[in-house]
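Student: this one's sequence-less:
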């Protein structure tokens with residue numbers, strides 16, 4: 001699924017949203033109705049609640065309580081193969097210059113000691129939506145516009161919708177197993193953690209997800225956490241969906257240490273010495289592009305040792321078609337010179353016994369019509385296409 005930004009807003013609309021917050025008194029003490037497209041208010045002296053109807057002209061209203069909000073009207077209808085119609089949510093931090101009261105965000109990841117959060121949702125049947133807990137990060141202390149990295153925790157989904165990109169494995173975080181997806185919506189990178197079944201409430205440290213994303217090479221400790229949000233992305237229906245309660249803090253003053261994880265380590269290790277794949281044509285490559293949009297794509301590359309001996313360290317080379325440029329990668333060190341791409345193993349996936357496979361992926365920009373590379377060589381030996 002490809003979707004645009006959640007809140008691409010003209011300056012005039014941003015001003016309109018601010019006016020609504022003033023009209024509402026800024027801090028909601030009793031139940032408050034918001035129907036303005038980008039209307040918002042604050043609760044608890046700490047959080048911002050926003051209607052954020054960015055993907056439709058149809059009406060949407062939310063009822064803001066002292067601890068959360070509920071959707072009371074949602075007339076928009078979105079294509080389930082495309083973007084949702086809105087993202088009503090509650091957040092701490094800064095979203096398009098709208099910063100929550102007293103927030104210490106943005107703050108560098110390396111300066112965060114913990115980020116304890118909790119959420120309680122109310123779900124409904126007969127609607128198509130996801131319940132999301134969003135974590136936004138950027139290389140700069142950005143308070144406006146688009147952040148480069150979105151971590152999206154899917155607590156629930158209903159209907160034929162899925163995270164952006166494609167599955168890249170599983171992760172054990174906060175005492176649960178999550179399916180991990182990776183991709184881009186064309187404007188920012190996204191790593192999503194999909195729960196196998198609906199979670200109605202949970203208390204956890206957001207840093208566990210940030211550390212896992214960091215271990216995948218998507219961010220560094222020098223990046224900034226800019227906001228943390230929780231709410232719903234409805235495609236169709238959604239009246240009655242509610243965030244019953246939301247609590248989120250970001251504690252600084254110590255260095256964050258990644259907890260034990262089943263995910264691969266950061267992509268900083270030097271590749272081990274390589275040996276040619278034995279047995280002549282001893283390798284096969286399966287190359288797929290699970291997500292392609294108008295100016296970019298993600299690629300998955302599966303390497304299989306089809307020879308009779310073990311490969312100790314690998315280097316895969318091939319040429320990308322014109323107009324394709326690699327921008328980021330995972331599970332391999334990937335470099336590009338002109339059209340020539342070189343992908344080298346990391347410390348944990350360099351050994352391939354006979355019949356064994358490993359995979360890596362990357363995101364790239366695209367100019368023109370997409371096409372796949374046609375030939376590959378592993379350690380100087382031509383591979384067959386799978």
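Tutor: Right, received. Where do you want to start? Remember, predicted model here, so these are calculated numbers, not experimental data. Residues are numbered from 1 along each chain as shown.
Student: ok, residue 342 to residue 160 distance?
Tutor: Remark: distance between residue 342 and residue 160 (C-beta to C-beta, to the nearest Å) = 39 Å. Using the backbone N, CA and C atoms, a C-beta is placed for each residue, glycine as well.
Student: quick one, which of the two is more surrounded?
Tutor: residue 342 (14 against 10; other C-beta atoms under 10 Å).
Student: Quick check: buried residues in stretch 241-250?
Tutor: By neighbour count with 16 or more other C-beta atoms under 10 Å, stretch 241-250 contains the buried residues 241, 242, 243, 245, 246, 247, 248, 250.
Student: And the helices in this protein, which stretches?
Tutor: 11-23, 206-215 (DSSP state H).
Student: name the helices or strands packed onto the last one?
Tutor: Based on contacts counted as 3 or more C-beta pairs under 8 Å, 6 or more residues apart in numbering; DSSP states H and E, the elements that helix 206-215 packs against are strand 112-114, strand 128-138, strand 149-158, strand 166-173, strand 189-194.
Student: can you rerun that using 10 Å?
Tutor: Helices and strands touching helix 206-215, by 3 or more C-beta pairs under 10 Å, 6 or more residues apart in numbering; DSSP states H and E, are strand 112-114, strand 116-122, strand 128-138, strand 149-158, strand 166-173, strand 176-184, strand 189-194, strand 224-236.
Student: Reformat the ones you listed as a markdown table; add distance to residue 51.
Tutor: Listed next are the helices and strands packed on helix 206-215 as a markdown table, based on distance: least, C-beta to C-beta, whole Å:
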| stretch | distance to residue 51 |
| --- | --- |
| strand 112-114 | 29 |
| strand 116-122 | 18 |
| strand 128-138 | 15 |
| strand 149-158 | 20 |
| strand 166-173 | 30 |
| strand 176-184 | 26 |
| strand 189-194 | 23 |
| strand 224-236 | 10 |
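Student: for the ones you listed, which one ends up most surrounded?
Tutor: Highest mean neighbour count of those: strand 224-236, a mean of 26 (counted as mean count of other C-beta atoms under 10 Å).
Student: and it, average pLDDT?
Tutor: The average pLDDT for strand 224-236 rounds to 98.
Student: Any idea how far that strand is from the middle of the chain?
Tutor: Taking C-alpha atoms, centre = their mean, to the nearest Å, one finds the center of strand 224-236 at 11 Å from the center of the full chain.
Student: dump the residue contacts of residue 201.
Tutor: Listed by C-beta atoms under 10 Å, 6 or more residues apart in numbering, the contact partners of residue 201 are 118, 119, 120, 121, 122, 155, 244, 245.
Student: let's see it at 6 Å
Tutor: residue 120 (C-beta atoms under 6 Å, 6 or more residues apart in numbering).
Student: what bridges to it?
Tutor: Residue 201 has these beta-bridge partners by DSSP bridges: residue 120.
Student: Residue 293 touches residue 185, doesn't it?
Tutor: No. Between residue 293 and residue 185 there is no contact under C-beta atoms under 6 Å: 7.8 Å.
Student: more neighbours, those two?
Tutor: The neighbour comparison of residue 293 against residue 185 (other C-beta under 10 Å) goes to residue 185, with 21 against 17.
Student: Would you agree that one is in contact with residue 152?
Tutor: No. Assessed by C-beta under 6 Å, residue 185 is found out of contact with residue 152, at 10.4 Å.
Student: which residues does residue 322 contact?
Tutor: Per C-beta under 6 Å, 6+ apart, neighbours of residue 322: none.
Student: For it, give me the backbone phi and psi.
Tutor: Note on residue 322: backbone dihedrals following degrees, to the nearest 10 are phi -60, psi 140.
Student: what's the closest of the helices and strands packed on helix 206-215 to residue 39?
Tutor: Closest approach to residue 39 among the helices and strands packed on helix 206-215 (C-beta to C-beta): strand 224-236, 14.1 Å.
Student: Okay, angle between that closest one and strand 116-122 too, please.
Tutor: Relative orientation of strand 224-236 and strand 116-122, computed by axes from the mean of the first three to the mean of the last three C-alpha atoms, to 10 degrees: 10 degrees.
Student: Going by contacts, tell me the helices and strands next to strand 224-236.
Tutor: strand 89-95, strand 128-138, strand 242-248 (3 or more C-beta pairs under 6 Å, 6 or more residues apart in numbering; DSSP states H and E).
Student: Dump these to TSV, plus distance to residue 358 and mean pLDDT.
Tutor: Converted to TSV, the helices and strands packed on strand 224-236 look like this (distance: least, C-beta to C-beta, whole Å; pLDDT from 0 to 100):
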stretch	distance to residue 358	mean pLDDT
strand 89-95	37	97
strand 128-138	28	97
strand 242-248	37	97
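Student: picking up where we left off before, weakest of the helices of the chain in terms of mean pLDDT?
Tutor: helix 11-23 (a mean of 34).
Student: what sits against residue 73?
Tutor: So residue 73 contacts 59, 61 (C-beta under 6 Å, 6+ apart).
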